[in-house]
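Visitor: my questions are about this predicted structure, shown below with the sequence.
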Amino acid sequence: MKTTIDIHDELLARAKQYARNTRRPLRAVVEEGLRQVLPAPPPNHRYRLPDLSKGQAGTADPLAAYSWRELREIIYGEAKET
């Protein structure tokens with residue numbers, strides 16, 4: 001991203017000289033300086049869904065006997081009374 005900033009002439013001259021001495025572009029020197037004075041961003045942790053499983057692991061699924069349509073009808077209270 002491009003931007004314009006005002007830098008004191010003496011500081012800019014020193015930064016340019018440092019860039020030449022280290023054989024790096026001025027942009028890299030400025031970025032390095034900003035990284036040194038700015039706090040690091042917090043780590044980006046992926047959200048994990050909490051385990052809300054019911055029942056015991058390895059036991060038969062009590063919903064396996066139902067079709068998707070039957071489950072939907074039960075969930076939304078649309079089950080037909082027999």
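Guide: Okay, I see it. Numbering: from 1, shown residues only.

Visitor: find the centremost residue of this structure, please.
Guide: Centroid-nearest residue in the chain: N44, 4.3 Å away (criterion: CA atoms, centre = their mean).

Visitor: give me the pLDDT for it.
Guide: pLDDT for N44: 85.

Visitor: E73 too?
Guide: 90.

Visitor: number of residues surrounding it?
Guide: 14 (other CB atoms under 10 Å). C-beta here means a position set from N, CA and C on the backbone, and glycine is covered the same way.

Visitor: so how far is A60 from it?
Guide: If you measure E73 against A60 using CB to CB, to the nearest Å, the figure is 22 Å.

Visitor: can you pull out the low-pLDDT segments for the protein?
Guide: Applying pLDDT under 70 to the chain picks out residues 79-82.

Visitor: 90 instead?
Guide: For the chain, the stretches with pLDDT under 90 are 1-2, 40-48, 51-65, 74-75, 77-82.

Visitor: which parts of it are helices?
Guide: Along the chain, the segments classed as helices by DSSP state H run 9-21, 26-37, 68-75.

Visitor: now distance to L52 too, for those, in TSV please.
Guide: Below are the helices of the chain laid out as TSV (distance: least, CB to CB, whole Å):
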stretch	distance to L52
helix 9-21	55
helix 26-37	41
helix 68-75	16
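
Visitor: please name whichever of those helices is nearest to K2.
Guide: Of all the helices of the chain, helix 26-37 sits nearest to K2, with 9.9 Å by CB to CB.

Visitor: tell me the buried residues in the closest one?
Guide: V29 (16 or more other CB atoms under 10 Å).

Visitor: what comes into contact with that helix?
Guide: For helix 26-37, the surrounding residues in contact (CB atoms under 8 Å, 6 or more residues apart in numbering) are A15, K16, Y18, A19, T22.

Visitor: which members of the residues you listed are classed as buried?
Guide: If you count burial by 16+ other CB under 10 Å, the buried members of the contacts of helix 26-37 come out as A19.
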